[in-house]
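Student: Pasting a predicted model and its sequence here:
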Amino acid sequence: MKTHLELMYKKNFDKLVKKISFRAGGLTNGEDVVQEAFARALQYMDSFDPNRKPLEAWFNTILNNACRDFKRETMMDGMAREPLTATLDNSMFQDEMIQVVEKEINSRNPREAEALWLFLVLGYTVKEVVAVTEYTSNTVSVLVCNFRKMMRESYGESVCC
């Protein structure tokens, strides 16, 4: 995976900079956004699953999120803001329930399944899930809460904390 990402970087860096520069506000900003997107891709490499989506689509989501975050930071112009923290407890399942959880997650549509898998199985925070998916933090929180509710109703109160 790392070698595919490295090859993608070498082959497509300039093309990606051109693609994102207008949205980012210039060539220099475009380079910064693309560089940040590749850094995030390396950081969240374990979230890539070729069975869910191709590498280019996975990376494009990260690139779009990096551009959105860059624009938000630029608009705030150095103002401090409250950090986004996970308000959900991602340790809801005991080890013996993991197979049941994975089965239930995989029965969802692919986009929802990806976010639930990152949060519940891989232990990503809401902020990290937002960084590699197309969801907002609110959507991730609601998705996980609804999933927990469904699990409680289907498997009993002992399943969830």
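Tutor: On my side now, so go ahead.
Student: only C-alpha atoms for contact and neighbour calcs from this point on.
Tutor: Noted.
Student: residue ranges of the helices in the chain, please?
Tutor: 2-24, 27-43, 55-76, 98-106, 110-116, 126-132, 137-155 (DSSP state H).
Student: Could you export the ones you listed as CSV, including mean pLDDT, distance to D49 and mean neighbour count?
Tutor: Shown next, in CSV, are the helices of the chain (pLDDT from 0 to 100; distance: least, CA to CA, whole Å; neighbours: other CA atoms under 10 Å):
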stretch, mean pLDDT, distance to D49, mean neighbour count
helix 2-24, 89, 13, 14
helix 27-43, 92, 12, 19
helix 55-76, 86, 8, 17
helix 98-106, 81, 13, 15
helix 110-116, 89, 9, 20
helix 126-132, 89, 12, 22
helix 137-155, 88, 19, 15
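Student: And the contacts of stretch 23-36?
Tutor: By CA atoms under 8 Å, 6 or more residues apart in numbering, the residues outside stretch 23-36 that reach it are 13, 16-18, 20-22, 63, 66-67, 70-71.
Student: Mind picking the two most distant members of these?
Tutor: Greatest spacing in these, by CA to CA: F13 and K71 (19.8 Å).
Student: For stretch 106-121, which outside residues touch it?
Tutor: By CA under 8 Å, 6+ apart, the list of residues contacting stretch 106-121 reads 47, 52, 90-92, 98, 102, 105, 124-126, 129, 133, 140, 143-144.
Student: try 10 Å
Tutor: For stretch 106-121, the surrounding residues in contact (CA atoms under 10 Å, 6 or more residues apart in numbering) are 44, 46-49, 51-53, 88-93, 98, 100-102, 104-105, 122-130, 132-135, 139-141, 143-144, 147.
Student: What's the end-to-end length of it?
Tutor: Stretch 106-121 has its terminal residues 12 Å apart, counting by CA to CA, to the nearest Å.
Student: swap in stretch 100-111?
Tutor: Start to finish, the residues bounding stretch 100-111 are 19 Å apart (CA to CA).
Student: just stretch 16-32 next, same as before
Tutor: Span of stretch 16-32 from end to end, CA to CA: 11 Å.
Student: How about the residue nearest the centre of the chain: what's its closest non-neighbour residue?
Tutor: Centroid check for the chain by CA atoms, centre = their mean gives V132 as the closest residue, at 2.3 Å. Distances taken as CA to CA, 6 or more residues apart in numbering place I62 nearest to V132, at 5.1 Å, with adjacent residues excluded.
Student: For the residue nearest to the centre of the chain, give me its contacts.
Tutor: V132 neighbours (CA under 10 Å, 6+ apart): 37, 40-41, 44-45, 47-48, 58-66, 114-115, 118.
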